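Colleague: Take a look and give me a structure for this.
(one chain, ligands or ions: 1)
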Amino acid sequence: MSLNSAVITAVAGYVPDYKLTNAELETMVDTNDEWIVSRTGIRERRILKGEKGTSDMCVPVVEELIRKSGYKKEEIDMVICGTVTPDITVADTANTICEKAGLTNAYGYDINAACSGFLFSLFTGVQFIRAGTYKKVIVIGADKMSSIINYKDRSTCVIFGDGAGGVLLEPGDEDLGVKDAVLKGDGSGRELLYIKTRGSKYPLTHESIDNGDHFVRQDGRPVFKAAVKGMTSAIKELLEKSNMSLEDVDWLVPHQANMRIIDAVSDHLSFPKEKVMINIHKYGNTTAGTIPLCLWDWEKKLKKGDNVVLTSFGGGFTWGAILVKWAY
Ligand code: UT7
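Modeller: Numbers count the residues shown, from 1 in each chain. Got it, this is the predicted structure:
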């Protein structure tokens, strides 16, 4: 049986209006603009205010994809949402998105792979298209990180922001679309970047809340090193598998966790900086949102046939790289 090619036919993004600047963070924790910019490259990040959840950022993403594609809402088969910040714990965000966006014939589910959430979700969606099970799959990466960040912890609160991005996947030209993937996991790194409670092992208690165990904790330095190593090796493995060299790559789209990590990956690969998509300065680390938000911001630069390598590293640990031949 021959498999369909799974092609990205539209990209969309959404960021909340509120800008949390480095200057405002200076009033909240013992930090300063010089430290944040030189250590991370981040100048501001967006925050979703009010009683709103991750799905509220995803609905505008779906609406933009519908508008761009020209399809009717009822034609969408499935929504996969990479997120670690579901609206509520039981009841996945993807089905909430379907319901709120009026995708009456779609169902979906969430994938929890932290900062690799979009890549893992994308490759899951690809399987449904390749197998011919579905014809129109929306893949979203979205996180409301402000809901799980401790704004008294300067080592994490300066890094993260809220945002959502997504793509429409459809069967298409066999020369185009998602070509290959290298996706990896290593559970031994889970306590270097995690939330201790809120799960089944350590349910919330008054004591755990007082201790701040319901917020993200990160041991930055080992995660930094593992991120550089993981993304660099995943890209190399992907290119080898695809019989390609770095010269064949038109765009590198790295997870936006830290500008120094992005620079280190491109330096290790001797990959030209002008071909690396960057938007960390304005959104910070939106976890599953960073890669689709980059594609959204840089969409006009992309040309049909471009070889685009997406790469991520995140909590879990999870990491990987995906090769996409851009279709429009
Ligand atoms: O997205 C998922 C994967 N996550 C990542 O890839 C993130 C990986 N890690 C990082 O990006 C970096 O490790 C951080 C941005 C988190 C931290 O940068 P760093 O250069 O590794 O700093 P550090 O943790 O080694 O801390 C250096 C110093 C410390 O002070 P002392 O002990 O040297 O006196 C920190 O207390 O910087 C201090 N520090 C700060 N100072 C001002 C930590 N955060 C801040 C801050 N403002 N916001």
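
Colleague: Next to the ligand, which bits of the chain? Give me the list.
Modeller: 31, 35-36, 39-40, 115, 154-155, 158-159, 193, 220-221, 223-224, 227, 257-258, 261, 285, 313-314 (CB under 6 Å from any ligand atom). C-beta coordinates here come from the backbone N, C-alpha and C atoms, glycine included.

Colleague: Any quick ChimeraX command for the buried ones out of these?
Modeller: Of the residues of the chain next to the ligand, the buried ones go into a single ChimeraX selection, burial set by 16 or more other CB atoms under 10 Å:
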select :31,36,40,115,154,158,159,193,220,223,224,227,257,258,261,285,313,314
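
Colleague: Dump stretch 309-328 to PDB, keeping only the CA atoms.
Modeller: Extracted in PDB, the C-alpha atoms of stretch 309-328 (Å, rounded to 0.1, in the frame of the first residue of the first chain):
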ATOM      1  CA  VAL A 309      14.200  21.500   9.700                       C
ATOM      2  CA  LEU A 310      12.200  21.900  12.900                       C
ATOM      3  CA  THR A 311      14.000  21.000  16.100                       C
ATOM      4  CA  SER A 312      13.100  21.000  19.800                       C
ATOM      5  CA  PHE A 313      14.200  20.000  23.200                       C
ATOM      6  CA  GLY A 314      12.100  20.000  26.400                       C
ATOM      7  CA  GLY A 315      11.000  18.500  29.600                       C
ATOM      8  CA  GLY A 316      10.700  14.800  29.900                       C
ATOM      9  CA  PHE A 317      13.300  14.900  28.400                       C
ATOM     10  CA  THR A 318      11.800  15.000  24.900                       C
ATOM     11  CA  TRP A 319      13.600  16.100  21.800                       C
ATOM     12  CA  GLY A 320      13.900  15.700  18.000                       C
ATOM     13  CA  ALA A 321      14.000  17.100  14.500                       C
ATOM     14  CA  ILE A 322      11.500  17.000  11.600                       C
ATOM     15  CA  LEU A 323      12.200  17.600   7.900                       C
ATOM     16  CA  VAL A 324       9.500  19.500   6.000                       C
ATOM     17  CA  LYS A 325       9.600  20.300   2.300                       C
ATOM     18  CA  TRP A 326       7.600  23.500   2.300                       C
ATOM     19  CA  ALA A 327       4.500  23.200   0.000                       C
ATOM     20  CA  TYR A 328       3.600  26.800  -0.800                       C
END
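
Colleague: Buried ones in it, by neighbour count?
Modeller: Residues of stretch 309-328 classed as buried by neighbour count (16+ other CB under 10 Å): 309-327.

Colleague: With stretch 51-68 instead?
Modeller: Neighbour counts over stretch 51-68 (16+ other CB under 10 Å) mark 53-62, 64-66 as buried.

Colleague: Tabulate the CA atom coordinates of that stretch in PDB.
Modeller: Provided in PDB are the C-alpha atoms of stretch 51-68 (Å, rounded to 0.1, in the frame of the first residue of the first chain):
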ATOM      1  CA  GLU A  51     -10.200  33.700  33.300                       C
ATOM      2  CA  LYS A  52      -9.000  32.200  30.100                       C
ATOM      3  CA  GLY A  53      -7.200  28.900  29.200                       C
ATOM      4  CA  THR A  54      -5.000  27.500  26.500                       C
ATOM      5  CA  SER A  55      -8.000  26.700  24.300                       C
ATOM      6  CA  ASP A  56      -8.800  30.500  24.100                       C
ATOM      7  CA  MET A  57      -5.500  31.000  22.300                       C
ATOM      8  CA  CYS A  58      -6.100  28.000  20.000                       C
ATOM      9  CA  VAL A  59      -9.600  29.000  18.800                       C
ATOM     10  CA  PRO A  60      -8.200  32.000  16.900                       C
ATOM     11  CA  VAL A  61      -5.500  29.700  15.500                       C
ATOM     12  CA  VAL A  62      -8.200  27.400  14.100                       C
ATOM     13  CA  GLU A  63     -10.100  30.300  12.800                       C
ATOM     14  CA  GLU A  64      -7.100  31.600  10.900                       C
ATOM     15  CA  LEU A  65      -6.400  28.200   9.400                       C
ATOM     16  CA  ILE A  66     -10.000  27.900   8.300                       C
ATOM     17  CA  ARG A  67      -9.800  31.400   6.700                       C
ATOM     18  CA  LYS A  68      -6.600  30.700   5.000                       C
END
